[in-house]
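In: give the three-dimensional model of this entry:
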Amino acid sequence: MRSFAIFLSLSFITVSLFAQEKITFLAEDNLEVTADLYEIDESFPFVLLFHQSGSSRGEFLETAARITRFGYNCLAVDLRFGEEENFIRNETAIRSVERNYPNNMLDCRKDIRAAIKYASERSGKNMVLLGSSFSASLCLVLGKESPEVDAVIAFSPGEFFQSDLDIKEELENYPKPVFAAGMKREKTYLEEMFMFVPDDKKTIFVPETEEGQYGAKALWKSNSSSFEYWLGLLVFFKSILPAQ
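Out: Residues are numbered from 1 along each chain as shown. Got it, this is the predicted structure:
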């Protein structure tokens, strides 16, 4: 654990030596999806990053660069349900409105499936999904049904879809490793939601010292408990796909 902490400390101060590349690909309904590609090696596996409501791929500007230090490529995706984060506008959402595509939270499943397809074809390797809030819930569902996905990281997942999609029900007998993180006040809720996930498949994480932060913004260095989240996440990464 001490070596994990040292490595994590270094990853916080290491400056990324490459820039992200803005790309696009098509969802199954032909909506053009915008994403930022952070690629350090074409042969490395991917972590796909999906934002929370009202946000954009800009939610992962600092997070993606740090994850690549673990030996993964990253793809931060603009889902069609969102707005702006870190001064980066959600281009997929804008495009969906301009061209009259359906764009509620559930419609974002099309964008996530397209991202999975893109990453699988680009690297030829299985991947990890990381979602924030509503997209965390969608990642859990799509990760279960997608053979290309080996594990899911869910920050503040919840029941956002009323009778259209029951996340707790979808999680029953979940077959893949899951890291579910939230604020300290979310712990009981997460334990209830994941109660039917086998114990050897789930990690439920909340910070010990502070309340924490909602969604994947918990990983931002502006969050005073971010080090705890990163350390828990690093331990999870070490337990799943081996880093390069």
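In: so which elements touch the helix or strand hosting Cys74?
Out: Under the assignment given by DSSP states H and E, the secondary-structure element containing Cys74 is strand 73-77. Contacts defined by 3 or more C-beta pairs under 8 Å, 6 or more residues apart in numbering; DSSP states H and E place strand 73-77 against strand 32-38, strand 46-50, helix 61-68, helix 108-123. In short, each C-beta sits where N, CA and C put it, glycine included.
In: how far does that strand sit from its chain's centre?
Out: Distance of strand 73-77 from its chain centroid, counting by C-alpha atoms, centre = their mean, to the nearest Å, is 9 Å.
In: please name the strands paired to it in the sheet, noting orientation.
Out: In the sheet, strand 73-77 lines up against strand 32-38 (antiparallel), strand 46-50 (parallel) (DSSP bridges).
In: now the ones you listed as CSV including mean neighbour count?
Out: As requested, the strands paired with strand 73-77 are arranged in CSV below (neighbours: other C-beta atoms under 10 Å):
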stretch, mean neighbour count
strand 32-38, 22
strand 46-50, 27
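In: for this protein, just list every one of the helices.
Out: Assignment of helices within the chain using DSSP state H yields the ranges 2-13, 61-68, 91-98, 108-123, 134-145, 167-170, 187-193, 226-239.
In: let me have the helices and strands packed on strand 73-77 in TSV, extended by distance to Gly143 and mean pLDDT.
Out: Output for these, formatted as TSV (distance: least, C-beta to C-beta, whole Å; pLDDT from 0 to 100):
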stretch	distance to Gly143	mean pLDDT
strand 32-38	18	98
strand 46-50	10	98
helix 61-68	17	96
helix 108-123	9	98
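In: adding distance to Lys187 as columns, could you present these in JSON lines?
Out: JSON lines is the format used below for those (distance: least, C-beta to C-beta, whole Å):
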{"stretch": "strand 32-38", "distance to Lys187": "31"}
{"stretch": "strand 46-50", "distance to Lys187": "23"}
{"stretch": "helix 61-68", "distance to Lys187": "22"}
{"stretch": "helix 108-123", "distance to Lys187": "26"}
